[in-house]
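Engineer: Everything below, folded, please.
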Amino acid sequence: MTVESRWPAVTTEITIVGGERYRVEGAAQDIERAILDAARGSIMELAWFDDADTGERIGINPEHVVLLRVPPS
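Structural biologist: Numbers count the residues shown, from 1 in each chain. From the prediction side, this is the model:
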């Protein structure tokens with residue numbers, strides 16, 4: 001058993017305009033920082049995350065984020 005399989009990955013839920021939700025890997029503080037960095041970057045810079053359910057890389061427009069939430073453990 002690896003360390004990763006003993007403890008669940010830390011995830012954060014991102015809600016965007018329109019109510020669509022994404023569960024991504026990472027602590028809320030790190031996700032917030034990535035969103036703020038993208039918002040301060042060049043025009044149309046996306047914040048990139050790993051989808052916690054599929055492992056797929058997803059880019060989120062920081063201007064569309066309305067809520068960050070730490071799911072209950």
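Engineer: For residue 67, give the beta-bridge partners.
Structural biologist: With DSSP bridges applied, residue 67 shows beta-bridge pairing to residue 15.
Engineer: which residues touch it?
Structural biologist: For residue 67, the set of contacting residues under the criterion of CB atoms under 8 Å, 6 or more residues apart in numbering consists of 13, 14, 15. Every C-beta, even on glycine, is put in place using the N, C-alpha and C of the backbone.
Engineer: And for residue 51?
Structural biologist: 22, 23, 24, 25, 57, 58.
Engineer: Pull up the per-residue confidence for the nearest residue to residue 11 once chain neighbours are set aside.
Structural biologist: Sequence neighbours aside, residue 52 is the residue nearest to residue 11 in space, at 4.5 Å (criterion: CB to CB, 6 or more residues apart in numbering). The score at residue 52 is 96. That number is its pLDDT.
Engineer: now do the one 3 residues further on
Structural biologist: Predicted confidence (pLDDT) for residue 55: 95.
Engineer: How about residue 8?
Structural biologist: On the pLDDT scale, residue 8 is placed at 61.
Engineer: Also residue 21?
Structural biologist: You'll see residue 21 listed with a pLDDT of 97.
Engineer: Can you report how many residues neighbour the closest residue to it other than its chain neighbours?
Structural biologist: Taking CB to CB, 6+ apart as the measure, residue 21 lies nearest to residue 15, with 5.1 Å between them; neighbours along the chain are not counted. Residues near residue 15, counting by other CB atoms under 10 Å, number 15.
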